[in-house]
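> sharing a model that was predicted from the sequence below.
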Amino acid sequence: MKNDSFFVDTHLFLRYLTNDNPKQADAVERLLRKAAEGKIKLVTNSLVFAELIWTLENYYHLDRMDIQNKAIAILNTKGLEVMDGDMILKAIFWYGEKNVDFREAFNVAWMIKNDLNQAFTFDQTNFKRFEGIIVETPK
């Protein structure tokens, strides 16, 4: 990566999406505009999305579809490279459509990408909502 690439963490997206600190939200908007214009490159990852979705759900108490829309908007931000963006997009879709935790949805997307269809877990509720995934409890 070039020297004009910067990692972007959850807090920036939260300020931007919630506008709970207007001064910081405006600063993030200017940063995103610079990225969209190609002046800098922003990079983030799946852990940031997991934290973002969890915080919007559990701290800000937004509904699932609003969170899904906000996460997709961030994912599609011009000038932002999202590592594992393909898996994150699937997980965001499943989060809304299958009513599952984002973390488990991402894990299933990761499993599929890595040709895995079996999982051991004590918490089978979310995994059982995915067709083709075999879930077992260790004995």
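Right, received. Where do you want to start?
> from here on, just use CA atoms for contacts and neighbour counts.
Will do.
> tell me the buried residues in the helix or strand containing residue 53?
Element membership for residue 53 (DSSP states H and E) is helix 46-58. Buried residues in helix 46-58, counted by 16 or more other Cα atoms under 10 Å: 46, 48, 49, 50, 51, 52, 53, 54, 55, 56.
> and if you look at stretch 120-139?
Buried residues in stretch 120-139 (16+ other Cα under 10 Å): 126, 127, 133, 135.
> check stretch 29-40 too.
Judged by neighbour count using 16+ other Cα under 10 Å, the buried positions of stretch 29-40 are 29, 31, 32, 33, 34, 35, 36, 40.
> can I get the residues you listed in TSV with secondary structure?
Below are those laid out as TSV (DSSP: H, G, I helix; E, B strand; the rest coil):
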residue	secondary structure
29	helix
31	helix
32	helix
33	helix
34	helix
35	helix
36	helix
40	coil
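> contacts only, for residue 28.
By Cα atoms under 8 Å, 6 or more residues apart in numbering, the contact set of residue 28 is 12, 13, 15, 16.
> apply 7 Å and report the result again.
Contact partners of residue 28, counting by Cα atoms under 7 Å, 6 or more residues apart in numbering, are 12, 16.
> quick one: residue 34 and residue 40 touch, right?
Yes: if you go by Cα atoms under 7 Å, residue 34 and residue 40 touch, sitting 6.2 Å apart.
> who touches stretch 8-16?
Stretch 8-16 has contacts (Cα under 7 Å, 6+ apart) with 21, 24, 25, 28, 29, 42, 43, 44, 48, 51, 52.
> what about 10 Å?
Applying Cα atoms under 10 Å, 6 or more residues apart in numbering, the contact partners of stretch 8-16 are 17, 19-29, 31-32, 41-45, 47-53, 55-56, 60, 70-71, 74, 80-82.
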